[in-house]
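Engineer: pasting a predicted model and its sequence here:
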Amino acid sequence: MADIVLTEPLLEQAKAEIDNALIKLGVRRAILIDDAGNVVASCGEKKENIDTTSLAALAAANFGATSQMAKLIGEDDFSLLFHKGKNDSIHFAKIGTDMILITIFGDDISLGVVRLKVAQVSKAILETFNQKSK
């Protein structure tokens, strides 16, 4: 992705894409971060017990570690990660080369639906950012 200045209208458009595709579906929380672990946008439930700054940093580090694991087995990269918990699950997906979308959801939504909607919103966000950088 080319260098881009994330203006308020651009961030609001990205949040709208996330809200319409994921939050309305029932996803509890969606956090868009850059590959350095900085929070770009956050949508959905605002649980006080979730430290989004730490979660973003750990997610970026997790992608960095799995990227190296991918190279060890002959892959260029892994584009998504998924962790299932007792009550909540977390799905991480790369958006382009510079962003990661973190999605937190419960058992009331299937992983397949989350993956489909994340793919759609990722494409929309990437297109939005690419159009604004031209």
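Structural biologist: Looks like it came in fine.

Engineer: when you work out contacts or count neighbours from here on, use the C-alpha atoms and nothing else.
Structural biologist: Fine.

Engineer: pLDDT weak spots in this structure?
Structural biologist: Within the chain, the stretches with pLDDT under 70 are 1-4, 47-48, 132-134.

Engineer: quick check, central residue of this protein?
Structural biologist: Closest to where the C-alpha atoms of the chain average out (CA atoms, centre = their mean) is Leu101, at 0.4 Å.

Engineer: is it true that that one touches Phe82?
Structural biologist: No - if you go by CA atoms under 8 Å, Leu101 and Phe82 don't touch, sitting 11.7 Å apart.

Engineer: which neighbours do the two share?
Structural biologist: Phe92 (CA atoms under 8 Å, 6 or more residues apart in numbering).

Engineer: list the buried residues in stretch 92-111.
Structural biologist: By neighbour count on 16 or more other CA atoms under 10 Å, the buried set for stretch 92-111 is 92-95, 99-106, 111.

Engineer: wait, I meant stretch 57-76
Structural biologist: The neighbour-count check on stretch 57-76 (16+ other CA under 10 Å) flags Ala57, Ala59, Ala60, Phe63, Gly64, Thr66, Ser67 as buried.
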